[in-house]
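**Student:** sequence? don't have it. structure:
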């Protein structure tokens, strides 16, 4: 005999949790199925939370934030192990589990641990080792099973010498040399962590710039800081032709003939959806060759009562957007007059060293669209807080419409960039102009004050452009 619910959610990551809570909040009966022993998905257990916690631990262990500020140099012990700085990561993960479980209990959501497999369009069978299969039916299904690192067939992954981002958490020590293949978010974040801990890191980037989706000034600044602060070597346009493991070492060959050797290779070149074994074919749900589920604007699959959200549907594959997608999907599925669309204003943050963040258009995107735009920049070097914390390479860059000064986008490099970007996000969301930054009062000394001086810089650029004058007075102080 089967159990029936208004909503059955498969996957207890950020998307699954929030989608389940949204439906329960409006009085629907909800069952949440998760195959792992603990909730949280990759975000809590192997990705977002662990990597950011490890970054903080690396900054503390290396005292990188203090270098050059107090005149004392720190060095990481040569014999440090992953376990030495994993304690904080474990504490944060356990706290996250507790918060999720409390949220599910508060909303009276039924949780079932086991692997879900669709046996038909309205039924999943949940199996768990040593227990009989459990049939669960539902009016609406939400698939939020996430994604995992893609393993190209030519890459000899072994979990020790050639690893993916999930394997990082089980590493036994800090490799003396690390080659990171991929210059995207995951590759850059882990490259920073290991470089801060003393590894000699080389990034082989198949693209011409790091974090190619960001403003070119951001990519250039990040590469320079990687070299200056962390000693990371970056090879752009690097087409890896071979990876071999010999005598416990990785041998990597690039198309131009360059050969590199390291104790470890971290391969970060894409992800694929967690749909294998779900039996979606039994429910009539289509998937792509890489395991992603196509959806419409309401996050409905090819079977309209089955929705999919989060990393399993592909881009943008961020925890922040995944949670909102789930809420929107549930509202449409049950016709709740609450949240009808995910905001078009999506802030992006990357916890590299230094942090980088952006929202809206970059300068090259504004140029490509043929917009009449201007920029304004303010360096943390000219900011009192930037001087206090020793972050003099960071900056705020604004992109705005030249005619009416409406903000089009913003990019930030430096300490706290992933927090600061939300100020620009709010202005964008309300179609504001850079006059907001001019008129606002920011605490002093704060990095936020750089928004004001970036806006002043932009206004001065407009004056110079249209007046043809040179040697104008400095921007207002």
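**Tutor:** Done, it's in. What you see is a predicted model, and the numbers here were worked out from it, not measured in a lab. Numbering: from 1, shown residues only.
**Student:** all helices for the stretch 101-250 of the chain, in order.
**Tutor:** Assigned by DSSP state H, counting those that start in this stretch, the stretch 101-250 of the chain shows helices spanning 185-196, 216-225.
**Student:** Pick the most deeply packed of those.
**Tutor:** Using mean count of other Cβ atoms under 10 Å, the stretch among the helices of the stretch 101-250 of the chain with the largest mean neighbour count is helix 185-196, at a mean of 25. C-betas here are computed from N, CA, C, even on glycine.
**Student:** for that helix, packing partners?
**Tutor:** Based on contacts counted as 3 or more Cβ pairs under 8 Å, 6 or more residues apart in numbering; DSSP states H and E, the elements that helix 185-196 packs against are helix 48-62, strand 177-181, strand 200-204, strand 264-267, strand 348-350.
**Student:** can you put these in TSV and add mean neighbour count, distance to residue 160 and mean pLDDT?
**Tutor:** Formatted as TSV, the helices and strands packed on helix 185-196 follow (neighbours: other Cβ atoms under 10 Å; distance: least, Cβ to Cβ, whole Å; pLDDT from 0 to 100):
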stretch	mean neighbour count	distance to residue 160	mean pLDDT
helix 48-62	19	19	83
strand 177-181	24	13	98
strand 200-204	23	18	98
strand 264-267	26	8	98
strand 348-350	21	27	96
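**Student:** In CSV, list these along with distance to residue 372.
**Tutor:** Listed next are these as CSV, based on distance: least, Cβ to Cβ, whole Å:
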stretch, distance to residue 372
helix 48-62, 38
strand 177-181, 40
strand 200-204, 36
strand 264-267, 43
strand 348-350, 25
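**Student:** Between the ones you listed, which one is closest to residue 125.
**Tutor:** Closest to residue 125 of the helices and strands packed on helix 185-196 is helix 48-62 (Cβ to Cβ; 30.2 Å).
**Student:** follow-up on the earlier one: out of the helices of the stretch 101-250 of the chain, which is closest to residue 284?
**Tutor:** It's helix 185-196; of the helices of the stretch 101-250 of the chain, that one is closest to residue 284 (Cβ to Cβ) at 33.3 Å.
**Student:** Not counting its own residues, what contacts that closest one?
**Tutor:** Contacting residues not belonging to helix 185-196 are listed as 51, 54-55, 58-59, 61-62, 64, 76, 165, 168, 174-175, 178, 180-181, 201, 203, 205, 210-211, 222, 226, 230-232, 266, 268, 350-353 [Cβ atoms under 8 Å, 6 or more residues apart in numbering].
**Student:** quick one on the thing from earlier: need the helices of the stretch 101-250 of the chain in a markdown table with distance to residue 130, can you?
**Tutor:** A markdown table is the format used below for those (distance: least, Cβ to Cβ, whole Å):
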| stretch | distance to residue 130 |
| --- | --- |
| helix 185-196 | 35 |
| helix 216-225 | 49 |
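**Student:** Nearest to residue 429, out of these?
**Tutor:** With respect to residue 429, and counting by Cβ to Cβ, the nearest of these is helix 216-225 at 21.3 Å.
**Student:** Show me what the closest one packs onto, helices and strands only.
**Tutor:** By 3+ Cβ pairs under 8 Å, 6+ apart, helix 216-225 packs against strand 356-360, helix 363-368, strand 395-401, strand 407-413.
**Student:** rewinding a little: nearest to residue 311 among the helices and strands packed on helix 185-196 would be which one?
**Tutor:** Residue 311 lies closest to helix 48-62 among the helices and strands packed on helix 185-196, at 10.6 Å (Cβ to Cβ).
**Student:** returning to what we had before: would you list the helices and strands packed on helix 216-225 in a markdown table and tack on mean pLDDT?
**Tutor:** Shown next, in a markdown table, are the helices and strands packed on helix 216-225 (pLDDT from 0 to 100):
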| stretch | mean pLDDT |
| --- | --- |
| strand 356-360 | 98 |
| helix 363-368 | 97 |
| strand 395-401 | 98 |
| strand 407-413 | 98 |
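**Student:** got a markdown table for these, with mean neighbour count too?
**Tutor:** Shown next, in a markdown table, are those (neighbours: other Cβ atoms under 10 Å):
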| stretch | mean neighbour count |
| --- | --- |
| strand 356-360 | 26 |
| helix 363-368 | 15 |
| strand 395-401 | 26 |
| strand 407-413 | 27 |
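**Student:** looking at the helices and strands packed on helix 185-196, which is closest to residue 329?
**Tutor:** Evaluated with Cβ to Cβ, the helices and strands packed on helix 185-196 place helix 48-62 nearest to residue 329, the distance being 20.6 Å.
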